[in-house]
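Student: What shape does this take:
(one chain, ligands or ions: 1)
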Amino acid sequence: MLALVSCCENDVTQNDPKPMISEAAIEARVLELAEQISKDYENYGELVLVGVLKGAFIFLADLSRQLTIPRVIEFIAVSSYGSGSRSSGAVRLVMDVRGNIEGKHVLIVEDIVDTGHTLKYLIGILDSHGPASVKTCALVRKAERAEVEVDVDYLGFDIPDEWVVGYGLDYAEKNRTLPYIGVVTPSD
Ligand code: PRP
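Tutor: Residues are numbered from 1 along each chain as shown. Okay, here's the model as predicted:
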């Protein structure tokens, strides 16, 4: 029999995060983004969608299934944050794309753009593989936290500077599978 685990006082992510963007609003916006991307890439052959692990896995799954153009899926993994809530600004490549993207049109799919360091770094990494183009898509962006300038070509939502979880986003690995985007208060 499974033991019941009681929730510790500091583990705020075990409570229900305060809703910020509903499941329905996310679904509608993802469809709009997919329609726009499908239109923009209509005559460009196969699009390589590069999902950024881990956070983008749900957004990528939903977005990619709404596209009406030929597409393939790649993943890339970087590490920037620890288990806490603030970025060091240092980004490290953990896993590069597996397929050859030379001469291909590439769309980076991110869950969140915060300081912008990760996305800027990723554009550089993917550019070094000689693709035909590299564009960016992010579900949410905290514009007021930007430290570097980086274009988000397809953006779901601009959000205030609050710690958000759900739809792939985590706090200390918790709440990634929450169906909506909600707010938690970090304990550090
Ligand atoms: C998050 C998010 C982005 C990055 C954005 O990743 O998924 O990749 O931070 O932050 P920045 O704009 O300040 O660079 P995180 O390091 O939390 O890893 P995860 O995706 O595995 O949760």
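Student: drop to CA atoms for contacts and neighbour counts, all remaining ones
Tutor: Will do.
Student: Give me the distance between stretch 118-126 and the centre of its chain.
Tutor: Relative to the chain's own centre, stretch 118-126 is displaced by 13 Å; criterion: C-alpha atoms, centre = their mean, to the nearest Å.
Student: same check, this time on stretch 168-186
Tutor: Mean C-alpha position of stretch 168-186 versus that of the full chain (C-alpha atoms, centre = their mean) differs by 13 Å.
Student: what mean pLDDT would you report for it?
Tutor: Averaging pLDDT along stretch 168-186 yields 95.
Student: Flag every buried residue along it.
Tutor: Of the residues in stretch 168-186, those buried by neighbour count under the rule 16 or more other C-alpha atoms under 10 Å are 168-172, 174-176, 178-186.
Student: so who does the residue nearest the centre of the chain touch?
Tutor: Centroid-nearest residue in the chain: residue 111, 1.6 Å away (criterion: C-alpha atoms, centre = their mean). By C-alpha atoms under 8 Å, 6 or more residues apart in numbering, residue 111 lies in contact with 52, 55, 56, 59, 138, 139, 140, 168, 169.
Student: Likewise for residue 164?
Tutor: Contact analysis of residue 164 by C-alpha under 8 Å, 6+ apart lists 170, 171, 181, 182, 183, 184.
Student: Also residue 118?
Tutor: By C-alpha under 8 Å, 6+ apart, residue 118 lies in contact with 78, 80, 91.
Student: Mind giving me the PyMOL select for those, buried ones only?
Tutor: Paste this into PyMOL to select the buried members of the contacts of residue 118, with burial taken from 16+ other C-alpha under 10 Å:
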select buried, resi 78+91
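Student: ok, and which of the contacts of residue 118 reach the ligand?
Tutor: Subset of those in contact with the ligand: residue 80, counting by C-alpha under 6 Å from any ligand atom.
Student: From the contacts of residue 118, which one has the minimum pLDDT?
Tutor: Among the contacts of residue 118, pLDDT bottoms out at residue 80, giving 75.
Student: distance of that one from residue 19?
Tutor: Taking C-alpha to C-alpha, to the nearest Å as the measure, residue 80 and residue 19 are separated by 26 Å.
Student: got it, and residue 151?
Tutor: When distances are taken as C-alpha to C-alpha, residue 151 and residue 19 turn out to be 27 Å apart.
Student: so which of the contacts of residue 118 comes closest to the ligand?
Tutor: The shortest approach to the ligand among these belongs to residue 80, at 4.4 Å (C-alpha to the nearest ligand atom).
Student: which residue sits closest to the closest one in space, ignoring its chain neighbours?
Tutor: If you skip the residues right next to it in sequence, residue 80 has residue 91 as its closest partner in space, 4.7 Å away by C-alpha to C-alpha, 6 or more residues apart in numbering.
Student: wait, isn't the one you found in contact with residue 77?
Tutor: No. With the criterion set as C-alpha atoms under 8 Å, residue 91 and residue 77 do not qualify as a contacting pair; they are 10.3 Å apart.
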